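[1] heads up, no residue letters with this:
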């Protein structure tokens with residue numbers, strides 16, 4: 001009598017719920033709620049997602065991305081606020097201001113710009129008066145009249 005052990009089934013790849021195909025240019029605002037969104041064409045505008053956004057090789061997003069998870073194997077330019085993880089794979093290129101929960105950049109991937117880690121514990125300053133992480137403004141130029149703090153060590 002033979003005993004067969006079944007290997008645990010690998011988890012299936014997450015389903016793509018919405019796809020912007022190659023050779024498609026979309027200008028405007030996209031809202032996907034928790035559904036995944038894959039960009040193979042060009043988006044000029046804003047993407048709002050509580051789920052995963054992926055930019056395929058040859059895909060381009062110019063504008064602002066708000067998402068839980070962003071995977072870039074194509075190109076993203078602008079402002080990205082990613083609550084969980086930003087993954088930039090080997091062919092991926094991200095340029096602009098980025099706020100992330102965590103960041104993964106594979107060999108060959110490029111991040112050009114400002115990257116700030118979002119504080120996962122709370123949005124408030126800690127007891128010693130120093131805040132961890134930070135926040136990037138959306139579509140707003142930095143305040144040129146801001147005063148610099150003196151740091152003594």
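    Yep, that arrived. Just so we're clear, the structure is a prediction, and the values are computed from it rather than from any experiment.

[2] CA only for contacts and neighbour counts going forward, please
    OK.

[3] isn't residue 94 up against residue 114?
    No - in this structure residue 94 lies outside contact range of residue 114 using C-alpha atoms under 8 Å: 10.3 Å.

[4] the more surrounded of the two?
    residue 94 (25 against 12; other C-alpha atoms under 10 Å).

[5] contacts only, for that one.
    By C-alpha atoms under 8 Å, 6 or more residues apart in numbering, the contact set of residue 94 is 72, 75-77, 88, 110-112.

[6] can you list those in CSV and add secondary structure, distance to residue 60 and neighbour count?
    As requested, the contacts of residue 94 are arranged in CSV below (DSSP: H, G, I helix; E, B strand; the rest coil; distance: C-alpha to C-alpha, whole Å; neighbours: other C-alpha atoms under 10 Å):
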residue, secondary structure, distance to residue 60, neighbour count
72, strand, 9, 28
75, strand, 5, 22
76, strand, 6, 25
77, strand, 8, 20
88, strand, 13, 26
110, strand, 14, 18
111, strand, 15, 16
112, strand, 15, 12
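
[7] which of those residues lies closest to residue 24?
    When the contacts of residue 94 are ranked by distance to residue 24 (C-alpha to C-alpha), residue 75 comes first, at 15.1 Å.

[8] give the contact list for the closest one.
    Residue 75 touches 55, 57-61, 92-94, counting by C-alpha under 8 Å, 6+ apart.

[9] how about residue 102?
    Counting by C-alpha under 8 Å, 6+ apart, residue 102 has contacts 84-86, 117.

[10] for it, give its distance to residue 58.
    24 Å (C-alpha to C-alpha, to the nearest Å).

[11] lowest confidence element among the helices and strands of the protein?
    strand 18-20 (a mean of 90; mean pLDDT, DSSP states H and E).

[12] what comes up buried for that one?
    residue 20 (16 or more other C-alpha atoms under 10 Å).

[13] next helix or strand past that strand?
    strand 25-31 (DSSP states H and E).

[14] pairing partners for the next helix or strand along the chain from that next one, with directions?
    The element immediately downstream of strand 25-31 (helix or strand, assigned by DSSP H and E) is strand 37-39. When pairs are called by DSSP bridges, strand 37-39 turns out to pair with strand 18-20 (parallel), strand 52-55 (parallel).

[15] would you mind checking the average pLDDT for strand 37-39?
    Averaging pLDDT along strand 37-39 gives 95.

[16] between the next helix-or-strand element following it and strand 25-31, how big is the angle?
    Next along the chain after strand 37-39, taking DSSP H and E as the criterion, comes strand 42-48. Angle, strand 42-48 to strand 25-31, by axes from the mean of the first three to the mean of the last three C-alpha atoms, to 10 degrees: 10 degrees.
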